[in-house]
Each structure stands twice: as structure tokens, then as C-alpha cells.
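Trainee: Mind folding the following:
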Amino acid sequence: MDPNPSPGNSIGSALWFLSEVAFKWIPGAVMAVSGTAAPVPGGEPVSPLAAPITTPVSAPEVVQYLQLASAPGEYDQMFQQWSTFVAFSLLVTLCLGALIIYCAIRVFQIRQIERRRFYQTRRTVAAQDIPKSQLRWNRIREEANSDSEQSWRLAILEADIMLNELLDVMGYKGETMADKMRGVDRANFNSIDLAWEAHKIRNKIAHDGSAHQMTARETRRVIALYEKVLKDARYIE
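Mentor: Residues are numbered from 1 along each chain as shown. Below you'll find the predicted structure:
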């Protein structure tokens, strides 16, 4: 027997061993248990067991029978090929196991990607807003429609805060709100000019304080600018 068999010889030996088991050993064991005579070419049928077996048969007895039923030297050759068969079977098992593990990992990864994409399609800008954004906006509109100039100022300042939150949700970065708006892609933010106009008025209110005179008409106009921007981005309804 070759001490360093090649892969081709190993596969051939394994297939030969399987054929010996399937076509010789198994039929021989069946005939041993049933008591059927094994035909011998050119002679009378002979069998190591003359009658059907009625008592339990141990493994050593089956091996002994196979030794007697096999051709001279055939059992020894099959016994020597057992290690090759085991190695070949182990190799096939490891390959199939690795393939199963790889497929399971890939299916898990694909499912994770699908879940993320599904979640992103459902996660609208409004869904990422802080809770009760619509209630906040309703309160801003109530302040803007009041008769108090102080409420008008607070309404515009609060609307500008919501605009800043919108820019954060959309992923624009910057130290100030102006820096964030400078990085806005106009193709994705059509109302950026309205946002700039409203934000400039907010800056005048914040910097000038009471020196900047407010009117109800101007307040409603500025709030309408903020509302247009927030609605276009689906931040409010």
C-alpha cells in the first residue's frame, strides 16, 4: 500500500471500499443472518452458517463471518483501506460543514442588510424628529397669532430652533446654523432660500433685541417661511 497516496488514489480507494461494502459485505451479512447459502462458482453453495440465526449476533461474530466469506486477502486489503476511507469521509464532511456555515453567515448578512434598508425607507424625517413636533409647531403658531410682541419674538426663535433640528436630522454638519445651511445641497433642499431669509430675521431679533420692532404682519410672514421649509421636508404636516 502506498504510504503517501495521491488525492486521486485516495478517492479511488474510498470508492472501491464503498463498492466492497455495498456489493459484498452487506449481502454477505444478510445471508449470514438469514442462513442463505453463498453460491460458489463451479461448486455447491456453501455457507459458514447452515441454518438461520435465531440468537443475537455480536459484532465480532459478524466480522469473523466476513473474514470467512471474503476471498483470500480481500478482507485484509479492505481493512487497510479503512483509514483512507475515514480520511476521505472526514474531508468531505469538513468541506460540506464549511459550506453550510458560509451559507448561513451569508444569509444572516443579507437579512441584516435588508432589515437596515427597510428601516431606512420607513424612517422619514418626521419620524426622526423629537416627540410631538407637530404639537410644538401648533404652539408656535398660537404665539405668532397672539397680540403680544414678546410672543412673536419667541415664536420666531422657536421656529428657528426647529429648523436647526431639521438640518441636524438631515445630516448637515457645522458649528453654527449658517455653516449647516452653506453645506445644503439645493437639489435636496429646494426651500433653502426661504430658510436663509427667515434665519436672517431671527438673527436681527436675537442680536438687536427690543430695538428691532416687530409687527403682526411681519411675524406671520416669517412664520410662513419656516412653515414652508418644514413642510417641504415633511418635518411637520
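Trainee: Where does pLDDT dip in this protein?
Mentor: Low-confidence segments of the chain, defined by pLDDT under 70: 1-67, 69-80, 82, 120-132.
Trainee: can you list the domain ranges for it.
Mentor: The chain breaks down into these domains under automatic domain parsing: 7-117, 128-232.
Trainee: for residue 146, phi and psi?
Mentor: Listed backbone geometry of residue 146 is phi -80, psi 180, with angles given as degrees, to the nearest 10.
Trainee: nope, residue 99 is what I was after
Mentor: Backbone geometry at residue 99, expressed as degrees, to the nearest 10, gives phi -60, psi -40.
Trainee: start the count at 455, not 1, going forward
Mentor: Sure thing, new numbering starts at 455, so read that last one as residue 553.
Trainee: what sits against it?
Mentor: Taking C-beta atoms under 8 Å, 6 or more residues apart in numbering as the contact definition, residue 553 lies against nothing. Using the backbone N, CA and C atoms, a C-beta is placed for each residue, glycine as well.
Trainee: How about residue 642?
Mentor: For residue 642, counting by C-beta under 8 Å, 6+ apart, the contacting residues are residue 624.
Trainee: Tell me the secondary structure at it.
Mentor: Remark: residue 642 carries the secondary structure label coil [criterion: DSSP: H, G, I helix; E, B strand; the rest coil].
Trainee: can you check residue 688 too?
Mentor: coil.
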